[in-house]
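S.K.: Make a model of this:
(one chain, ligands or ions: 2)
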Amino acid sequence: MDFQSHIRVIPDFPQPGVSFKDITPLLKDGRAYRAAIDSLVSLARPLAPEIVVGPEARGFVIGAPVAYAMGLGFVPVRKAGKLPAETVSVAYDLEYGSDRLDIHKDALRPGQRVLVADDLLATGGTIRSTIRLVEQLGAAVVGCVFLIELTELEGRAKLAGYNVLSLVQY
Ligand SMILES: O=P(O)(O)OC[C@H]1O[C@H](OP(=O)(O)OP(=O)(O)O)[C@H](O)[C@@H]1O
Ligand SMILES: Nc1ncnc2[nH]cnc12
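M.R.: Ligands and ions are numbered 1, 2, ... in the order given. A predicted model of the protein is given here:
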């Protein structure tokens with residue numbers, strides 16, 4: 001499957017200089033969406049994860065179906081103030097902007113094998129912060145899977161020491 005042909009590139013969105021990779025054409029195509037999830041599951045299976053963690057919002061669209069397909073649970077990492085129970089938090093930077101991410105304190109068990117999933121790796125700020133949250137709870141990140149990796153932004157360097165797997169590279 002040629003996933004790149006289902007990804008729309010929008011220059012200067014949401015701000016000048018950013019080349020936005022829009023996955024909505026892939027998501028609305030049932031065959032392409034299923035093939036992408038199946039491919040990510042194939043990448044993730046050898047890592048033997050016990051649970052999947054994904055950051056809001058596009059991480060849900062990728063992480064939840066990966067978890068479902070593997071028969072695993074899914075844990076949301078959410079933007080500031082959205083989770084109702086007790087949380088731990090971390091501040092983070094983005095290719096555009098910055099914010100705070102939260103996870104429920106009881107979301108993961110110490111030592112639990114966690115797969116982190118998101119649509120796109122850019123600077124790596126979001127996933128570095130997601131990993132911090134997972135590790136604050138004592139769980140272990142066995143790998144990170146992405147539909148898209150923007151290699152020029154060197155997010156992979158920020159994730160040195162972790163298994164980083166992506167389907168499409170720009
Ligand atoms: O590697 P980074 O530089 O951190 O960038 C990648 C993150 O940016 C996007 O999310 P965004 O924060 O735009 O939120 P959204 O999923 O709610 O659109 C994308 O879905 C990744 O999570
Ligand atoms: N260039 C980009 N395209 C889509 N989502 C992004 N998130 C961060 N950078 C992005």
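
S.K.: So the most centrally placed residue in the chain: helix, strand or coil?
M.R.: Per C-alpha atoms, centre = their mean, the C-alpha nearest to the average position across the chain is that of Asp118, at 1.8 Å. Recorded secondary structure, Asp118: strand (DSSP: H, G, I helix; E, B strand; the rest coil).

S.K.: residue contacts, it?
M.R.: 54-55, 58-59, 62-63, 126-127, 130, 144-147 (C-beta atoms under 8 Å, 6 or more residues apart in numbering). The C-beta positions use only the backbone N, C-alpha and C, and glycine is treated the same way.

S.K.: So which of those are in strands?
M.R.: Assigned to strands by DSSP state E, the following of the contacts of Asp118 qualify: 54-55, 144-147.

S.K.: Residue numbers of the chain in contact with ligand 2?
M.R.: Within the chain, the positions adjacent to ligand 2 are 18-21, 95, 120, 122, 150 by C-beta under 6 Å from any ligand atom.

S.K.: Take those residues and write them to JSON lines, including secondary structure and neighbour count.
M.R.: Listed next are the residues of the chain next to ligand 2 as JSON lines, based on DSSP: H, G, I helix; E, B strand; the rest coil; neighbours: other C-beta atoms under 10 Å:
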{"residue": "Val18", "secondary structure": "coil", "neighbour count": "14"}
{"residue": "Ser19", "secondary structure": "strand", "neighbour count": "13"}
{"residue": "Phe20", "secondary structure": "strand", "neighbour count": "15"}
{"residue": "Lys21", "secondary structure": "strand", "neighbour count": "20"}
{"residue": "Glu95", "secondary structure": "coil", "neighbour count": "19"}
{"residue": "Leu120", "secondary structure": "strand", "neighbour count": "24"}
{"residue": "Ala122", "secondary structure": "coil", "neighbour count": "22"}
{"residue": "Leu150", "secondary structure": "coil", "neighbour count": "21"}
